[in-house]
Every structure is written in structure tokens, then in C-alpha cells.
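K.L.:
What would the 3D arrangement of this be:
(one chain, ligands or ions: 1)
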Amino acid sequence: MSDATEYVVVFPTLWIVPDWIEHHCLMPSAMADPAPLVMYDWQLWCTVNHYRIKPGALPAGTVKPDGSRVAPAAAFEHRRSQIVAVQKVGKGPWSASIICAEAVGPVVFDGFAEAGDTFECADHGCDCGWSYEYEPGEPMGKPWVRPLIQLLATSEDQTDNVYGPLQTMIREGRLASRMRVGEGFIRLPNDGRIDQVTSKAQSKLGNPVTFVLQDETGLYTKSNGMVLVAQTQRRGAAGMGGRSMETTNPWDPAENSTAQQTYESRAKDVFRFYRMPPSGLSYANKAERRKIHAFNYAGSLHVDLDVIEGESAELQETDPAQAERFFGGRLVRGQGSWYQPDQWESGKSEIGVPDGAEVCLGFDGSDNDDWTGIRLRTFDGHRFTPTYGPDKRPTVWNPSEWNGSIPRGEVNAAVDELCRRYKVIRAYCDPRDWQSEIGDWALRFGDKVFLEWATYRAAHMHDALVRSVTDLLSGRSTHDACPITAAHVGNARKIAKPGDRYILGKPNRHQKIDMAMADVLAWEAGEDAKTDPKMLWIGRAADNFVYFG
Ligand SMILES: [Zn+2]
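P.N.:
All right, here's what the predicted structure looks like:
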């Protein structure tokens, strides 16, 4: 992107759209007052390609000889667009500006201009006074009458990548009179609206829409249900003559995500933008990595390469493949999923565990970002998420449901109740952030029962992870239908460690794996308890362990 002549526009397009955006959308900034958005070359290139018009196209709504009307999407060369670029390069604010244009800007093709044709904001309910003079023959645009827009992401946290800058653009820019930020959605003229949706919003998916932005499609997989959601949503757009756009980081080619499917599909009416860095450079080598970053971030003037290097270096410690994808811009295969999608499902069983049963416990704690959870297992090999308290809450705590931090009192109460209700024979607890609580539990329930088990120890962790999978696949172990544990197990990725070992990591900050960790610890505690020479197993008839400590 250092070389602007790389992008040559020799086709008709709605030039009015980028001009409208630069006039109406202000860019949020942490350091200064919002400033007009001026598109980088790559952003302008993606914009003019998305709004590229077919030569001889007919204006939307024109009645055809057979009596049907020309759909708005029919004028465009591209039915949809896919923009693949590295982290922090400016995809979020740019796609927010496209949403603004789709909401109240001149994005619907309205025929080719004749000499003297202009676009006047005043004719379209905007009091900013802006007007645009078309060249003769240039494609003209008009706003949607009733714009219906959806912004899709894997989670609500993730929609903020775009929704955050979008809200600022509306509040600070020249759009506040026509776009109103409400609770969870944005109101547009004529009952139009912009909704943030995730896969949970089943009722909204497939609704007729005029524009869809699908963000981070590299995370949409078959197993998390998002591939289907993305297809359903695109059908909703097609039904209205609307169009869609995908934005994403480079994906893991082992996952067959929506991003990968779009990129590899043979469809000619999809505009794809992905500048891969030169292949001769090694991402593991610091000097060459800098050249790769310089290539990826050229033209994105807000980016400081030292900051990118710092963030990449940190991510490389835990997940070098992800660092190379997110900042290096390459399609690097990760270690892959811990469980394959159907494997975990295959162990599901509806065994009930009565109070008083002998169990082992696994605990993975956190403070304010990750979740905290407890899993139990029986000596018959059944793993489950217990409940506690009068409301029978499952023993999993998401800090965002508890004012941003883990409710330690709740966790203590749950441990207390579990130790009363079951015979807890052994409990393995990851000590990070929870050392003093674990010390208390050991005092109260036995220091041979509650033990610290640090999950960062690669050799131990690797063995426990392998055992968990083999025992489940061989049928020695079953588990309950806890949806959170299933999701966390599905999220867990293998991260390579020296000596052909692996530990577990998250695919990104928003996809948690804590219940998977708690599950492994519970399983491991039980396996160790059974083989501990100090422990005499006297059989289920006696209904007890006797500990000779
Ligand atoms: Zn205006």
C-alpha cells in the first residue's frame, strides 16, 4: 500500500460513496477530537470495488419487459465483498463507515448522470448542506428508503470492534439527526434499523435485510454454528436485493471457516481483498518479521510498528501460529482443535449422580477476564458440572455477569456445599490467582484432598490432556450435557511445546476454555486418586476410600 499506483480504477463505481463518507463520518480518536475520516488507499480500493457498477446497469426499481423490477443488488459487479487484513490495520472503523453509508448514504444505484446532475443532502433529509456534482456518465446513488442492517459477530464483545466506532461516528459526526443510538440497536429513518446480532439471535437471522456486515468470519465454523448463521443471513439480504460484506483476520486453514470458504470459492461475483506478504520472509526471524509488518501496515498511518512487534511477540509466546496470522497476515495452520467437533458429543450420557457419591473435583480459577469453573467426576468415569445454592446455579462464573470480576464468595460457598453434598476424595486446583482460597479449602477439607495443580507445567498438562481424550474415546469416560463445558472444550486449541507436547490455549480473547481446564483437572484427580499407593480402594460395597496418610 506504499505505492498508490497499485490501485487503478478503470471501471464505473459510486464515487459518491467514499466522498459522502469522508464528509459525514468522523473518526474516533483516543488522543484528539474526532477528525474527518480520510480513507487509506486500501480502504478506498475496497470501497470502490464494493460499489463497482456494471456498465449499462439499470437503476434499482426499473420495470423490466416481463413486469418484474430490477433489484438494487443487480446493478453491482459484486454480490458481496471479503476484506482480509491483519489486526489493527483499520478494518473496524472503515466497515463502520460503510454501515453509515448503507444506513443513510447514497448507496443504491440510481442511473448514470447527465451533465449538471447533482446529489443534494437537503433532498434526502440531511441538513448538513453538502452537495456532490456528478461527471456526465458517472453512476449516481440514492439512499435506501427503509434501510435494514445487521452486524454479525461470534459474540457481543466481538461486535464492539465495529459497533464501538460506529456509535462514535454517529454521535460525533454529521449523522446524529438521522441515526439514533438506542439500547442495543440504532434507529434509522422510516423505521429502518441497525442490529448487532450473534448466533443467539435466532429470531432475527434470515430476516429481510438491505446490508449485512459479517465481522471476523475467520472464526465462523461449522462446530460453533456460525457457518450456517452466515449463510442464512446472506439469504435474508438476497431476498431484499441487498448485499453483504465480510471482514476478517487471516484464518486457520485447518478450520474451514466461512472466511476460508468464501476465499476458496469459485464465485466470480465476490470481490476479495487479501494482500499476502512476500513468502520469502520468515516470521520467526525478528528482522524479517519487521519487514512483513512494514508490508502489512504500509499506508495505515495510525499504526506504530513497535507496538505491533510488542503485541505480536507476546502472542507468539503462547500461540505462534495465531501471531503469524493476526499480525503477519499469513494463513498458518494452528495446532488444531483439542477435540474434533463430534468427539466430545460422542461421550454424552444422562447419568444422574446422587448426593453422597464419591467424586473428584477440578477447579480453574481466574480474576476478571477469564471464567472460573468447577467440574466433578465420579469413580465410574462420569464428569459433570454440579450446581449449588438455592437457585441450583451451575458452578461456572463469567465475570461479565458479576460486575466484571469473579464473585469469590459465591465460589467459596459452592466449594463448601459440594464438600458437604459429596464425598470429595481429591481436588486439583489451578493455583493462579487463587492460592489463598485453595489454602483455606485444604485447611477445612483436608490437605491431602485439596491440592494445587499448576496447569502451566507442559509435561504434566500434556499427559493429562492426552489421557482425557483417550479415555473419552475408548468409552471409559462419559460426561453430562453441560453446554458451557461443551463450548469451552470446542474452543480449546492445542499449543505446541518443546518435546512434541502441547498445552491448551484460547483461539482468541473472547472464546473461553476454563471449563475444559476444570474438566481435565477433575479427570486427572480421579485417575491419580485411583492409583495413589497411599490410597486403599476397598470397593463400592464399603462405599468409601480409606486414606492412610
Ligand atoms: Zn449531509
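K.L.:
Nearest to the ion within the stretch 201-350 of the chain, name that residue for me.
P.N.:
F211 (19.0 Å; C-beta to the ion). To be clear about C-beta, it is placed using only N, CA and C from the backbone, and glycine gets the same treatment.
K.L.:
how far away is the nearest residue to that residue once chain neighbours are set aside from the ion?
P.N.:
Of all residues not flanking F211 in the chain, E102 sits nearest, at 4.0 Å (C-beta to C-beta, 6 or more residues apart in numbering). Distance from E102 to the ion, counting by C-beta to the ion, to the nearest Å: 15 Å.
K.L.:
Tell me the residues on this structure that lie near the ion, please.
P.N.:
121, 126, 128, 130 (C-beta under 5 Å from the ion).
K.L.:
Settle this for me: the third one is touching G173, isn't it.
P.N.:
No: between C128 and G173 no contact is recorded; they are 9.4 Å apart, counting by C-beta atoms under 8 Å.
K.L.:
shared neighbours, those two?
P.N.:
Applying C-beta atoms under 8 Å, 6 or more residues apart in numbering, one finds that C128 and G173 are jointly contacted by H24.
K.L.:
returning to what we had before: any chance of the residues of the chain next to the ion in CSV with secondary structure as columns?
P.N.:
Below are the residues of the chain next to the ion laid out as CSV (DSSP: H, G, I helix; E, B strand; the rest coil):
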residue, secondary structure
C121, helix
C126, coil
C128, coil
W130, coil
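K.L.:
if we take the residues you listed, which one ends up nearest to G242?
P.N.:
For these, the closest approach to G242 (C-beta to C-beta) belongs to C126, at 21.6 Å.
K.L.:
quick one, what contacts the closest one?
P.N.:
C126 neighbours (C-beta under 8 Å, 6+ apart): 24, 104, 174, 177-178.
K.L.:
so how far is G111 from the closest residue to A35 other than its chain neighbours?
P.N.:
Sequence neighbours aside, M27 is the residue nearest to A35 in space, at 5.5 Å (criterion: C-beta to C-beta, 6+ apart). Per C-beta to C-beta, to the nearest Å, M27 is found 32 Å from G111.
K.L.:
more neighbours, the two?
P.N.:
Set side by side, M27 and G111 show more neighbours around M27, with 21 against 16, by other C-beta atoms under 10 Å.
K.L.:
more neighbours, C128 and G173?
P.N.:
Neighbours were tallied for C128 and for G173 using other C-beta under 10 Å; the higher tally belongs to G173 (22 against 14).
K.L.:
P34 is in contact with that one, correct?
P.N.:
Yes: counting by C-beta under 8 Å, G173 does reach P34; the two are 7.2 Å apart.
K.L.:
Next, show the common contact partners of the two.
P.N.:
Common neighbours of G173 and P34, using C-beta under 8 Å, 6+ apart, are L26.
K.L.:
Just the pLDDT for the residue in the stretch 151-300 of the chain positioned nearest to the ion.
P.N.:
Going by C-beta to the ion, the ion is nearest to R174 of the stretch 151-300 of the chain, at 5.6 Å. Among the per-residue scores, R174 holds a pLDDT of 87.
K.L.:
Around it, count how many other residues there are.
P.N.:
20.
K.L.:
Quick check: chain neighbours aside, which residue is closest to K512?
P.N.:
Using C-beta to C-beta, 6+ apart, the closest residue to K512 is W371 (5.1 Å).
K.L.:
Please settle this for me: is W42 part of a helix?
P.N.:
Yes: assessed with three-state DSSP, W42 lies in a helix.
K.L.:
what's the distance between it and V162?
P.N.:
For W42, the distance to V162 - C-beta to C-beta - is 17 Å.
K.L.:
So between those two, which is more surrounded?
P.N.:
In this view W42 and V162 are compared by other C-beta under 10 Å, and V162 has more residues nearby, 26 against 23.
K.L.:
List the contacts of that one.
P.N.:
V162 neighbours (C-beta under 8 Å, 6+ apart): 92, 95-96, 99, 151, 153, 213, 215, 247.
K.L.:
I'd say Q43 and P93 touch.
P.N.:
No: in this structure Q43 lies outside contact range of P93 using C-beta under 8 Å: 9.0 Å.
K.L.:
More neighbours: which of these two?
P.N.:
Neighbours were counted for Q43 and for P93 using other C-beta under 10 Å; Q43 has more, 27 against 21.
K.L.:
Now for the closest residue to the more buried one other than its chain neighbours, how many residues are close by?
P.N.:
Residue nearest to Q43 in three dimensions, not counting chain neighbours: W94, with 4.6 Å by C-beta to C-beta, 6+ apart. Counted with other C-beta under 10 Å, the neighbours of W94 add up to 25.
K.L.:
Alpha carbons of stretch 298-314, as PDB, please.
P.N.:
In PDB, the C-alpha atoms belonging to stretch 298-314 read as follows (Å, rounded to 0.1, in the frame of the first residue of the first chain):
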ATOM      1  CA  ALA A 298       2.100   0.300   4.900                       C
ATOM      2  CA  GLY A 299      -0.400   3.100   4.300                       C
ATOM      3  CA  SER A 300      -2.100   2.600   7.700                       C
ATOM      4  CA  LEU A 301      -0.700   5.700   9.200                       C
ATOM      5  CA  HIS A 302      -2.100   5.300  12.700                       C
ATOM      6  CA  VAL A 303      -0.100   2.100  13.200                       C
ATOM      7  CA  ASP A 304       3.200   2.100  15.200                       C
ATOM      8  CA  LEU A 305       5.300  -0.900  14.100                       C
ATOM      9  CA  ASP A 306       7.000  -1.100  17.500                       C
ATOM     10  CA  VAL A 307       3.600  -1.500  19.100                       C
ATOM     11  CA  ILE A 308       2.700  -4.200  16.600                       C
ATOM     12  CA  GLU A 309       6.000  -6.000  17.300                       C
ATOM     13  CA  GLY A 310       5.300  -5.900  21.000                       C
ATOM     14  CA  GLU A 311       1.800  -7.400  20.600                       C
ATOM     15  CA  SER A 312       3.000 -10.000  18.200                       C
ATOM     16  CA  ALA A 313       5.900 -11.000  20.400                       C
ATOM     17  CA  GLU A 314       3.500 -11.500  23.400                       C
END
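K.L.:
do you know how far G137 is from Y7?
P.N.:
Plainly put, G137 is 21 Å away from Y7 if you go by C-beta to C-beta.
K.L.:
Looking at the two, which one has more neighbours?
P.N.:
The residue with more neighbours, out of G137 and Y7, is Y7; 14 against 10, by other C-beta under 10 Å.
K.L.:
Please name the residues that touch that one.
P.N.:
41-42, 44-45.
K.L.:
what about 6 Å?
P.N.:
Counting by C-beta atoms under 6 Å, 6 or more residues apart in numbering, Y7 touches 41, 45.
K.L.:
quick one: it and the ion, what's the gap?
P.N.:
From Y7 to the ion the distance is 27 Å (C-beta to the ion).
K.L.:
And the pLDDT for that residue?
P.N.:
pLDDT, Y7: 85.
K.L.:
Now it. Its backbone dihedrals?
P.N.:
With angles defined as degrees, to the nearest 10, Y7 sits at phi -110, psi 110.
K.L.:
which residues in the stretch 51-200 of the chain form strands?
P.N.:
Applying DSSP state E, counting those that start in this stretch to the stretch 51-200 of the chain gives strands spanning 80-84, 108-112, 118-120, 131-133, 139-142, 148-152, 180-181, 185-188, 192-197.
K.L.:
Show me what the fifth one is packed against.
P.N.:
Pointing back at strand 139-142 there. For strand 139-142, the packing partners by 3 or more C-beta pairs under 6 Å, 6 or more residues apart in numbering; DSSP states H and E come out as strand 108-112.
K.L.:
For the closest residue to V396 other than its chain neighbours, which three-state class applies?
P.N.:
Of all residues not flanking V396 in the chain, G373 sits nearest, at 4.2 Å (C-beta to C-beta, 6+ apart). Three-state call for G373 (three-state DSSP): strand.
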